[in-house]
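Peer 1: Build me a model from this:
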Amino acid sequence: MRHVLIAAAVLALSACSSPEAGPAEAAEAAASAVDPAAEAFVRSLYSVEQGGTSTGAEDEGDDAPVFSARTQALLDENHAVTPEGYAIWEGIHICDCSDDGGMVLDSVTMTPRGPDRVDATVSMTWTMAQPPETKRQRLNLIKENGHWVIDDIERDLTGEAPSGALVAGLTEYIAETKAWVAKGEGA
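Peer 2: Sure, this is the predicted structure:
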C-alpha cells in the first residue's frame, strides 16, 4: 500500500511541475546535438568518389587540416622514421586503402561525445572489388582551432581485416621502428 501512495504522490508532483525544460535539460539537449559542420566535414572527405574534389589525403597541402595536431604529428613522425622502401601506414587513412577508386559512401552516422567531440561511423562499399566489399570505420572527431578534424580512426569495424585505432597503431609502429633502427637492423 505504501508503494501505491508513493507512486500517487510522485504522479501528483510531476503533474504540478512546469512542462518547460529547465536549464540542465536545455544544456543536455544542446550537448547531444551534432554540429552540422562535423557531418559536412566527414562527407567532404569522401566526396571525390561522389563527384567532389576532396581526396581526404593528409598530405594534399590544403589550408584546412584533416587530422588533429596530435595525429598529424604521429603521421609526420611515421614518415620520418620509416626506412626507404617500406610502406607501413601508407595509403589513404580515411578509407584504410591504397586506391581511392571505386569507393561509394553508403552512410554516415554521427554520435556526439561532448561539445567539441563527435564520432562519425562511416560505411563504404568498394565497387571495384569482386564481389563488392563493405567496410565500416569510426572517425573520432574533435574541434581544433574552430574546425572539425580527425583525432583518431577506428579502422575496419566489419572485422574482415586487421583493425585497431590509427593513433595506437602509429604509436606502436614508431616505437618499434626506432628500436629496430637503434639496434642497427634498419636504415
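
Peer 1: hey, C-alpha coordinates of the longest helix along the chain in CSV?
Peer 2: Looking across the chain with DSSP state H, the single longest helix is helix 166-182. C-alpha atoms of helix 166-182 as CSV (Å, rounded to 0.1, in the frame of the first residue of the first chain):
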residue,chain,number,x,y,z
LEU,A,166,45.2,4.6,-36.1
VAL,A,167,46.8,6.5,-33.3
ALA,A,168,47.7,3.4,-31.2
GLY,A,169,49.0,1.6,-34.3
LEU,A,170,51.2,4.5,-35.3
THR,A,171,52.5,5.0,-31.8
GLU,A,172,53.4,1.3,-31.6
TYR,A,173,55.0,1.2,-35.1
ILE,A,174,57.1,4.3,-34.4
ALA,A,175,58.4,2.9,-31.1
GLU,A,176,59.2,-0.5,-32.8
THR,A,177,60.9,1.1,-35.8
LYS,A,178,63.0,3.4,-33.6
ALA,A,179,64.1,0.4,-31.5
TRP,A,180,64.8,-1.6,-34.7
VAL,A,181,66.9,1.2,-36.2
ALA,A,182,68.7,1.7,-32.9
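
Peer 1: Please point out which parts of that helix sit buried.
Peer 2: Within helix 166-182, the residues scored as buried using 16 or more other C-beta atoms under 10 Å are L166, V167, G169, L170, Y173, I174, T177. All C-beta atoms are positioned from the backbone trio N, CA, C, and that covers glycine.

Peer 1: give the contact list for the nearest residue to the fourth one once chain neighbours are set aside.
Peer 2: Right, L170. With C-beta to C-beta, 6 or more residues apart in numbering as the criterion, L170 has its nearest non-adjacent residue at 4.3 Å, and that residue is L74. Taking C-beta atoms under 8 Å, 6 or more residues apart in numbering as the contact definition, L74 lies against V167, L170, T171, I174.

Peer 1: L74 belongs to a strand?
Peer 2: No: L74 is assigned helix when assessed by DSSP: H, G, I helix; E, B strand; the rest coil, not a strand.
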